[in-house]
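**Q** starting from these lines, generate the structure:
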Amino acid sequence: MIKNQTKGTLLAAEYRLCSSFFSRCKGLMFSIKPRSLVMAFHKEQKVGIHMMFVFFPIDVLWVDKEQKVVAIQEHLKPFSAATSKELAQYVIELPIGMIAASNTEIGDNITWVKL
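**A** Alright, predicted model coming up:
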């Protein structure tokens, strides 16, 4: 479950953790339907993501080591790319519309736990 602790809203009931280099590179490539991913990096850094071979738009959160949202990209289009200007340790990819539906904003605290 991925939750916006600040707002008390649910971002995703289920998610896949991508902590290896390969799992982060593959991400949502060739997926048939949107799903939620948490990409974990070893340290905070400026993180770029690509949408190569992702056939649907998504929402993206960049989250720092304290699990606070530092950047947001809504409606990221297929076959495009995006980079955070802020340092992030996690990137959360969500089905389109989840950022707006949860009222998530920069500075919000995000938590995730496997159920």
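
**Q** all contacts plus neighbour counts: C-alpha atoms, from now on.
**A** OK.

**Q** which residues in this protein form strands?
**A** Shown for the chain, the strands assigned by DSSP state E span residues 2-4, 9-12, 16-18, 37-45, 48-50, 58-63, 69-76, 81-83, 88-95, 110-112.

**Q** and the helix-or-strand element of the chain with minimal mean pLDDT, which residues are buried?
**A** Least confident helix or strand of the chain, by mean pLDDT, DSSP states H and E, is helix 21-26 with a mean of 87. Of the residues in helix 21-26, those buried by neighbour count under the rule 16 or more other Cα atoms under 10 Å are 24, 26.

**Q** and if you look at stretch 40-56?
**A** Of the residues in stretch 40-56, those buried under the neighbour-count criterion (16+ other Cα under 10 Å) are 40-41, 47, 49-52, 54-56.

**Q** same question, stretch 105-115
**A** 105, 108-110, 112.

**Q** and that stretch, how far from the chain's centre?
**A** In terms of Cα atoms, centre = their mean, to the nearest Å, the gap separating the centre of stretch 105-115 from the centre of its chain is 10 Å.

**Q** show me the contacts for the nearest residue to Ile72 once chain neighbours are set aside.
**A** Of all residues not flanking Ile72 in the chain, Leu61 sits nearest, at 4.8 Å (Cα to Cα, 6 or more residues apart in numbering). With contacts defined as Cα atoms under 8 Å, 6 or more residues apart in numbering, Leu61 is in contact with 69-73, 91-93.
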